[in-house]
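A.B. asks: When you get a sec, could you give me coordinates for this:
(3 chains)
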Amino acid sequence: MSSVPASLNPAQLEAVHYLGGPCLVLAGAGSGKTRVITHKIARLLEAGYAPGQIAAITFTNKAAQEMRERAKELVGARAAKHLVVSTFHSLGVRMLRADGTRLGLKEKFSIFDSDDVLGLLKEAGASSDNALARRWQWAISGWKNQGLNSEQAEAVAANDDERVAARVMKRYEEKLAAYQAVDFDDLISLPHKLLRQDDEVRAKWQETLRYVLVDEVQDTNTIQYELLKSLVDHPDERRRGLFTAVGDDDQSIYGWRGATIENLKRLSVEYPRLKVIALEQNYRSTGNILRAANGVIAHNPKLFEKKLWSDLGDGEPVRVVECDGEEHEAERAVASIQALRGAGGSVAGGGGVEFKDFAILYRANHQARVFEKALRRANLPYKVSGGQSFFDRAEIRDLCAWLRLLVNNDDDPAFLRAVSTPKRGIGTQTLSSLGEFAGRWKTSLYEALFAESLGTAVPARAIGSLHEFGRYVNDLEYRARHTTGSEDAKALLMGWLKDIGYEQHLHDGEDSEKLAAARWSNVLDFVDWIAKRCGGEIENDGGMTVETEKKSVLDVAQTISVIISLAERGDDQNVITLSTLHAAKGLEWPHVTLAGVNEGLLPFRSDDEDMTPERLEEERRLMYVGITRARTTLLVSTLRRRKKGRDTIQGVPSRFIKEMKLHEVQAKVDPMEKLKALRAAAAERAAQSAVAGSKA
DNA sequence: GCCGCCCGACTTTTT
DNA sequence: GTCGGGCGGC
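C.D. replies: Here you go, the predicted model:
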């Protein structure tokens, strides 16, 4: 959002300043939505609301966190601290913890996660069939999100399967009650029930939360909408409907999990005074990209008229390339990234194009694999977003820190994490002394460990522990270097975990045994994963005995540290993003590739389900979301042949490509020509800056 | 009843 | 390429 101007545009201003009644802000992609919300919070404070009386509701914890951060920049840490910035679910927890007893809930009710729920459903339905239980879970969650209980569910059940599910739901409800537990859906429906049936409690919450802002309102499901309504429907007419709902009907892509844009229609019906403000100026993308986006979305029936525009100029044409297959597509995507990096990156002082400027987006997770392979082969760093990466888990990051330390002794962040994971009597005091010492002598922490004069900086006791740690790392490194083959690697790694007492560490650090066990199981998966990569397994491959190449544990650790650049610095890692379209919503990149834009894939179509107009419209919105992620260049690639299961089928370009209404010339630009042109331009710039440099 | 192997499929995701 | 289900054998 670097191109967003300092001041608000007229529509944004109007949205910020309208406080007197219900307000719907239709925030197009890249139109400065979060700015409007945070400025509106500031405006509300100015108008006399106390921070604690303003609630900003989001869908994910991440969004809530970001919102609080952004608000903090504007209104200061003090006010930001007291704002109620929360997800629907955590607001629900808060309400139930405070007043759940009114519903007969114990004060310390437990919250069942989806695994717990699955187990309970198997009990309730007397079945050990995972898939069946999952289908029940899906159906029951759907009903709950429409605000139905088991009785009502049975009434609406359309077939035998659903009737069975409804009966399982009844027993499930009883079991939950017996356990004094709630599931995730209850975190919305129970607070709603509470506010509906208990005037006193409702009055209390309405007194507390006087103004409500909702982000991504197009993603609300029926029961979430109802909960909001019961919060803002104050009996006093003057205080009725004091809310701002922010959303974009064109970016509603969660219909399959109960979200309904029906809610947007309901808003204008149920709040006749609703002020609707459209934010149409886009600060993100070039004209060409926006025209493509508008072209696609124009094929959907419109709830509210809205058309994005930008004053950033036409920019590069949107490119469409046809590929022979998935591998070819991945190669071309990689080539395009390298071309753009080559063009911008090597120019002296020319603010190069960085890895984090690129994203490759696709419809389904499994499409990532072939891109990962191509990127690895090209030695380009990447991360796969969407579904929290295995490698983002605390326990895996712990172990990766150790591996990184083995690979590179001078990796200080890795050292710090490893030395205190688990705690081994080396405290912060010792570490900061060590850090100071290392800083003074300009050495790494690990190197400082063995310095003769360390005794001048660190007490003798601590030196003992430090040396012990250093010797252990040294020894482990030696063994890792000389251990090859899966079997031995596994033994080495398990020995290491035992040495450092990692399993115990997990149990100590985690309140719940169950969670600790889950973490340990991740660790075991990780060990297997590494061990497997050490090779040496005798495989029987179609009558032929194949022995795979053996690698040392250290070699494997090395590739891990290269590929997964787990910067301790956080998420400012400079890597290419691979993401599903769903997970990409709300994000942006200068250079975006939309991959696999084929009929059957996007719009997605499963064999045993026919395509309703509604489903197609949601797929179209998904395409729209994908297009509008791009700031400066957009590459759309389609497959002439694509894999489906074991066999290869003919690929048909997605109808959405035609809908982008690209000019023929625009679509036919050969990527190699483009590459040459970009290189020529880069060379020219480089030559010019060289000339400029010699003059200076 | 459990374990292991083989075959087939392979949306989207948060709390 | 991997995961999970189903089937077959012990």
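A.B. asks: Run through the residues that contact the residue of the stretch 101-250 of chain A found nearest DNA strand C.
C.D. replies: Of all residues in the stretch 101-250 of chain A, A:Asn130 sits closest to DNA strand C, at 4.0 Å by CB to the nearest atom of the strand. Placement of C-beta: from N, CA and C, glycine included. A:Asn130 is in contact with A:Leu118, A:Lys122, counting by CB atoms under 8 Å, 6 or more residues apart in numbering.
A.B. asks: Okay, it and A:Leu121: tell me how far apart.
C.D. replies: As judged by CB to CB, to the nearest Å, A:Asn130 and A:Leu121 stand 10 Å apart.
A.B. asks: Burial check on A:Lys383, number of neighbours?
C.D. replies: Each residue near A:Lys383 was counted by other CB atoms under 10 Å, and the total is 21.
A.B. asks: Just say helix, strand or coil for it.
C.D. replies: What DSSP: H, G, I helix; E, B strand; the rest coil gives for A:Lys383 is strand.
A.B. asks: give me every residue that touches the closest residue to it other than its chain neighbours.
C.D. replies: Nearest non-adjacent residue to A:Lys383, counting by CB to CB, 6 or more residues apart in numbering: A:Val575, 5.0 Å away. Taking CB under 8 Å, 6+ apart, we find A:Val575 in contact with A:Phe355, A:Lys356, A:Pro381, A:Tyr382, A:Lys383, A:Ser565.
A.B. asks: Now A:Val575. Its backbone dihedrals?
C.D. replies: The phi/psi pair for A:Val575 (degrees, to the nearest 10) reads phi -140, psi 160.
A.B. asks: and if you look at the one 3 residues further on?
C.D. replies: Here the main-chain torsion angles of A:Leu578 (degrees, to the nearest 10) amount to phi -110, psi 130.
A.B. asks: Identify the bridge partners of A:Leu634.
C.D. replies: Beta-bridge pairing for A:Leu634 (DSSP bridges): A:Val592.
A.B. asks: which residues does it contact?
C.D. replies: A:Asn288, A:Ile289, A:Ala292, A:Val318, A:Arg319, A:Val592, A:Thr593, A:Leu594, A:Ile627.
A.B. asks: related to what we said a few turns ago, for the contacts of A:Val575, work out which two are farthest apart.
C.D. replies: Farthest-apart pair in the contacts of A:Val575 is A:Lys356 and A:Ser565; separation 11.0 Å (CB to CB).
A.B. asks: quick one: common contacting residues for these two?
C.D. replies: Counting by CB under 8 Å, 6+ apart, the contacts common to A:Lys356 and A:Ser565 are A:Gln573, A:Asn574, A:Val575.
A.B. asks: Isn't the first one up against A:Tyr382?
C.D. replies: When you say that, I think you mean A:Gln573. No: assessed by CB atoms under 8 Å, A:Gln573 is found out of contact with A:Tyr382, at 10.0 Å.
A.B. asks: Near the nearest residue to A:Gly52 once chain neighbours are set aside, how many other residues are there?
C.D. replies: Leaving aside its sequence neighbours, A:Gly52 sits nearest to A:His82 (CB to CB, 6+ apart; 4.7 Å). Burial of A:His82 is recorded as 12 neighbouring residues (other CB under 10 Å).
A.B. asks: and the residue of the stretch 101-250 of chain A found nearest DNA strand B, what does it touch?
C.D. replies: Going by CB to the nearest atom of the strand, DNA strand B is nearest to A:Phe184 of the stretch 101-250 of chain A, at 3.3 Å. Residues near A:Phe184 by CB under 8 Å, 6+ apart: A:His89, A:Ile111, A:Phe112, A:Asp113, A:Ser114.
A.B. asks: what's the answer for A:His299, then?
C.D. replies: Counted by CB under 8 Å, 6+ apart, A:His299 has contacts A:Arg620, A:Glu659.
A.B. asks: what secondary structure does it sit in?
C.D. replies: coil.
A.B. asks: Now it. Its backbone dihedrals?
C.D. replies: The phi/psi pair for A:His299 (degrees, to the nearest 10) is phi -80, psi -10.
A.B. asks: A:Pro613 versus that one, what's the distance?
C.D. replies: From A:His299 to A:Pro613 the distance is 11 Å (CB to CB).
A.B. asks: try A:Arg239
C.D. replies: Taken as CB to CB, the span from A:Arg239 to A:Pro613 is 40 Å.
A.B. asks: Out of these two, name the residue with the larger neighbour count.
C.D. replies: A:Arg239 (14 against 9).
A.B. asks: Surely that one touches A:Leu209?
C.D. replies: No: using CB under 8 Å, A:Arg239 and A:Leu209 do not qualify as a contacting pair, with a distance of 11.5 Å.
A.B. asks: Run through who's touching the helix or strand harbouring A:Gly464.
C.D. replies: According to DSSP states H and E, A:Gly464 maps onto helix A:460-482. The contact list for helix A:460-482, computed with CB under 8 Å, 6+ apart, reads A:405-406, A:409, A:418-419, A:424-427, A:429-430, A:433-434, A:446, A:449-450, A:454-455, A:458, A:492, A:496, A:499, A:552-554, A:557.
A.B. asks: List the buried residues of it.
C.D. replies: Residues of helix A:460-482 classed as buried: A:Ala462, A:Ile463, A:Ser465, A:Leu466, A:Phe469, A:Gly470, A:Val473, A:Leu476, A:Glu477, A:Arg479, A:Ala480 (neighbour count, 16 or more other CB atoms under 10 Å).
A.B. asks: Could you tell me how many residues sit around A:Thr612?
C.D. replies: 9.
A.B. asks: mind checking how far it is from DNA strand B?
C.D. replies: To DNA strand B, A:Thr612 is 10 Å away according to CB to the nearest atom of the strand, to the nearest Å.
A.B. asks: where do the helices sit along the stretch 501-650 of chain A?
C.D. replies: A:502-509, A:513-533, A:553-563, A:581-584, A:613-627 (DSSP state H, counting those that start in this stretch).
A.B. asks: send the alpha carbons of the longest one over as PDB?
C.D. replies: Output for helix A:513-533, consisting of C-alpha atoms alone and laid out as PDB, is shown next (Å, rounded to 0.1, in the frame of the first residue of the first chain):
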ATOM      1  CA  GLU A 513      -1.000 -33.400  27.500                       C
ATOM      2  CA  LYS A 514      -2.900 -33.700  24.300                       C
ATOM      3  CA  LEU A 515      -1.300 -30.700  22.800                       C
ATOM      4  CA  ALA A 516       2.100 -31.700  23.900                       C
ATOM      5  CA  ALA A 517       1.600 -35.100  22.300                       C
ATOM      6  CA  ALA A 518       0.500 -33.500  19.100                       C
ATOM      7  CA  ARG A 519       3.600 -31.400  19.000                       C
ATOM      8  CA  TRP A 520       5.800 -34.500  19.700                       C
ATOM      9  CA  SER A 521       4.100 -36.300  16.900                       C
ATOM     10  CA  ASN A 522       5.000 -33.400  14.600                       C
ATOM     11  CA  VAL A 523       8.600 -33.700  15.800                       C
ATOM     12  CA  LEU A 524       8.500 -37.400  14.900                       C
ATOM     13  CA  ASP A 525       7.100 -36.600  11.500                       C
ATOM     14  CA  PHE A 526       9.900 -34.100  11.000                       C
ATOM     15  CA  VAL A 527      12.500 -36.700  12.000                       C
ATOM     16  CA  ASP A 528      11.100 -39.100   9.500                       C
ATOM     17  CA  TRP A 529      11.000 -36.500   6.900                       C
ATOM     18  CA  ILE A 530      14.700 -35.700   7.300                       C
ATOM     19  CA  ALA A 531      15.700 -39.300   7.600                       C
ATOM     20  CA  LYS A 532      13.900 -40.200   4.400                       C
ATOM     21  CA  ARG A 533      15.900 -37.500   2.600                       C
END
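A.B. asks: Enumerate the positions of that helix that are buried.
C.D. replies: Here helix A:513-533 shows A:Ala516, A:Ala518, A:Arg519, A:Trp520, A:Asn522, A:Val523, A:Phe526, A:Val527, A:Ile530, A:Ala531, A:Arg533 as buried, counting by 16+ other CB under 10 Å.
A.B. asks: and if you look at stretch A:425-441?
C.D. replies: Buried residues in stretch A:425-441 (16+ other CB under 10 Å): A:Ile426, A:Thr430, A:Leu431, A:Ser433, A:Leu434, A:Gly435, A:Phe437, A:Ala438.
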